[in-house]
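Return atomic coordinates for the entry below.
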Amino acid sequence: MNRIFLDVHALQTVPPSNLNRDDTGAPKSAVYGGVPRARVSSQAWKRATRTYFGQEHLLDPSELGVRTKKVAEVLAARITALAPALEGAEALQLAAEVIQAATGSKMEVPKRKADAAKDGGPEAAPESKYLMFLSARQLDGLAALAVEGAPDIKSYLKDKDHKARAREIADTRHSVDIALFGRMVADSADFNVDAAVQVAHAISVHRVEPESDYYTAVDDENTDAESGAGMIGTIDFNSATLYRYAALSVHQLAQNLGEGLREEEARTAPVRRAVEAFVQSFLESLPTGKINTFGHHTLPDAVIVKLRTTRPISYVAAFEEPVTTQGGHLREAVSRLAQYAADVEGTYGDEKTTLTWVLRVGSNTEPLAGLGTQAHRLSDLVEAVGQAVAERLDKPA
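Residues are numbered from 1 along each chain as shown. Predicted coordinates for the structure are as follows:
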């Protein structure tokens, strides 16, 4: 299969906010170029991207997965949906046995929940020791297997053919989010799925110092004789122009998804649909930390997308020397990005095999106009990238 990489670069200005906080509650930070920068972790933006698929209906629920320790409860609900007579504790037991056989992950009730049940609390369901990531198709397949073996599930799963079926179901027909972001099963490494996407920690293009907001809340029932606040507190925040970057290995995505997920569609359709959903979701999604407090609903001002056959290239080095201006940072950041992109591609890139698209907002982003094909709307960009990916996949290796 052809090696195909997709680079997505974005500059996004975020007002006072706390998108992604550390263990002290302060916005995450990093030192780059010798100065402190605002930082949003890759995990935060990957989760925002992954959940955006469903929130905005970019993909059908059948193409998505569930990542949870409560996988027995999720599977039990599907078992009951298939066979209504199997419910409650019986469905949970079937689910736990099938998951353990399929993945090698031990399922048991967490100690604190077991202790609470002994003290009169509700009966607790077994859980996996770590987050389990399974696709909707995998869960449906395991549910059907559980119903088939329901009369004596332990004996049923002792049969090597039945156990092999369970393992095959759990390791085929991966959902788009598993194919993109990967899966790790600690108890069974052969069930791991290598991620097709690498997401960089977003960092500010300039120096950032954290700030703190001191706030008070007034008691609505206070009388004129009662002064003072009902409560006081502080919230740490910062504001920044962020450089964001993700690299998508399209050939790895195709391998993870497999071919022909739907008999009636073209071979490249599942990959194209996944790529288009990822590009849109990565650019439009936003981590929601403290969003009710700060309302930081922004979108990228500048986007560059590269489709290449050579290795991915981040442009973060354009900002190793922090942007320093008396006014806003975006104009200078765009100028730096445009210059560095041209320089590094001229030195390391392959013009013959690389396609470039630009999406931009406002006059501050004009220096990017000459870097590639300009898309006037995000939907145009997404469609163009998807079409180019499909064409590349159809070319003989």
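
Where do the helices of the chain begin and end?
Counting by DSSP state H, one finds helices in the chain at the ranges 42-55, 71-82, 88-103, 111-118, 136-148, 153-158, 160-170, 176-181, 250-257, 269-284, 291-294, 330-348, 378-394.

tell me which residues in the second one are buried?
Of all the residues in helix 71-82, those buried under the rule 16 or more other Cβ atoms under 10 Å are 71, 72, 73, 74, 75, 76, 78, 79, 80. (Each C-beta comes from the backbone N, C-alpha and C, glycine too.)

for the longest one, same thing?
Of the residues in helix 330-348, those buried by neighbour count under the rule 16+ other Cβ under 10 Å are 330, 331, 332, 333, 334, 335, 336, 337, 338, 340, 341, 345.

Tell me how far the last one lies from residue 326.
Separation of residue 345 from residue 326 (Cβ to Cβ, to the nearest Å) stands at 31 Å.

Tell me how many other residues crowd residue 396.
Residues lying near residue 396 (other Cβ atoms under 10 Å) number 4.

And for residue 322?
17.

got any ranges where the stretch 201-350 of the chain has weak pLDDT?
For the stretch 201-350 of the chain, residues meeting the criterion pLDDT under 70 lie at 259-265.

Can you show me the CA trace of the lengthiest strand in the chain as CSV?
When the chain is parsed with DSSP state E, its longest strand is strand 231-249. Taking Å, rounded to 0.1, in the frame of the first residue of the first chain, the C-alpha atoms of strand 231-249 are listed here in CSV:
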residue,chain,number,x,y,z
MET,A,231,-18.6,32.5,48.8
ILE,A,232,-15.3,33.6,47.3
GLY,A,233,-12.8,31.7,45.2
THR,A,234,-10.1,32.0,42.6
ILE,A,235,-9.7,30.5,39.1
ASP,A,236,-6.4,30.4,37.2
PHE,A,237,-6.5,31.2,33.5
ASN,A,238,-4.5,32.4,30.5
SER,A,239,-5.0,33.6,26.9
ALA,A,240,-3.0,32.6,23.9
THR,A,241,-2.6,32.2,20.2
LEU,A,242,-2.0,28.5,19.9
TYR,A,243,-0.1,26.5,17.2
ARG,A,244,-1.9,23.1,16.7
TYR,A,245,-0.7,20.2,14.7
ALA,A,246,-1.7,16.6,13.9
ALA,A,247,-0.3,14.0,11.6
LEU,A,248,-2.5,11.2,10.1
SER,A,249,-1.0,8.1,8.6
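
That strand - contacts with which helices or strands?
Packed against strand 231-249 by the contact rule (3 or more Cβ pairs under 8 Å, 6 or more residues apart in numbering; DSSP states H and E) you find strand 5-17, strand 35-40, strand 197-199, strand 202-204, strand 211-217, helix 269-284, helix 330-348.

List the contacts of residue 42.
Contact analysis of residue 42 by Cβ atoms under 8 Å, 6 or more residues apart in numbering lists 199, 200, 201.

is it true that the last one touches residue 38?
No. With contact defined as Cβ atoms under 8 Å, residue 201 and residue 38 do not form a contacting pair (10.3 Å).

The two: which is more packed in?
Just comparing residue 201 and residue 38: by other Cβ under 10 Å the higher neighbour count belongs to residue 38, 27 against 21.

If the more buried one is in a bridge, with which residues?
Assessed by DSSP bridges, residue 38 has beta-bridge partners residue 29.

what's near enough to touch it?
So residue 38 contacts 27, 28, 29, 203, 204, 208, 238, 239, 240, 242 (Cβ under 8 Å, 6+ apart).

can you list contacts of stretch 148-157?
83, 86, 93, 94, 97, 98, 101, 146, 162, 163, 166.

Now the fifth one: closest residue in space, sequence neighbours ignored.
Pointing back at residue 97 there. Nearest residue to residue 97 in three dimensions, chain neighbours excluded: residue 153, at 4.8 Å (Cβ to Cβ, 6 or more residues apart in numbering).

and residue 147, how many neighbours does it have?
20.

Nearest to the spatial middle of this protein, which residue is it?
The chain has residue 46 as the residue nearest its centroid, 2.7 Å off, counting by Cα atoms, centre = their mean.

measure the residue nearest to that one when sequence neighbours are not counted to residue 246 for me?
Leaving aside its chain neighbours, residue 46 sits nearest to residue 199 (5.2 Å; criterion: Cβ to Cβ, 6+ apart). For residue 199, the distance to residue 246 equals 5 Å [Cβ to Cβ].

Spit out the residues that contact the two alike.
residue 282.

circling back: could I get the contacting residues of the residue nearest to residue 46?
42, 45, 46, 49, 245, 246, 282.

go again using 10 Å as the cut-off
Going by Cβ atoms under 10 Å, 6 or more residues apart in numbering, residue 199 touches 8, 41-46, 49, 180-181, 244-248, 282.

Of the residues you listed, grab the buried ones for PyMOL.
Here is the PyMOL selection string for the buried members of the contacts of residue 199, based on 16+ other Cβ under 10 Å:
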select buried, resi 8+41+42+44+45+46+49+180+181+244+245+246+247+248+282
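
which among the contacts of residue 199 gets closest to residue 122?
Lowest distance from residue 122 to the contacts of residue 199 (Cβ to Cβ) belongs to residue 43, with 31.7 Å.

From what I see, residue 324 and residue 33 are in contact.
No. Residue 324 lies out of contact with residue 33 (Cβ atoms under 10 Å); the separation is 11.1 Å.

Please identify every residue contacting each of the two.
In contact with both residue 324 and residue 33: 206, 207, using Cβ under 10 Å, 6+ apart.
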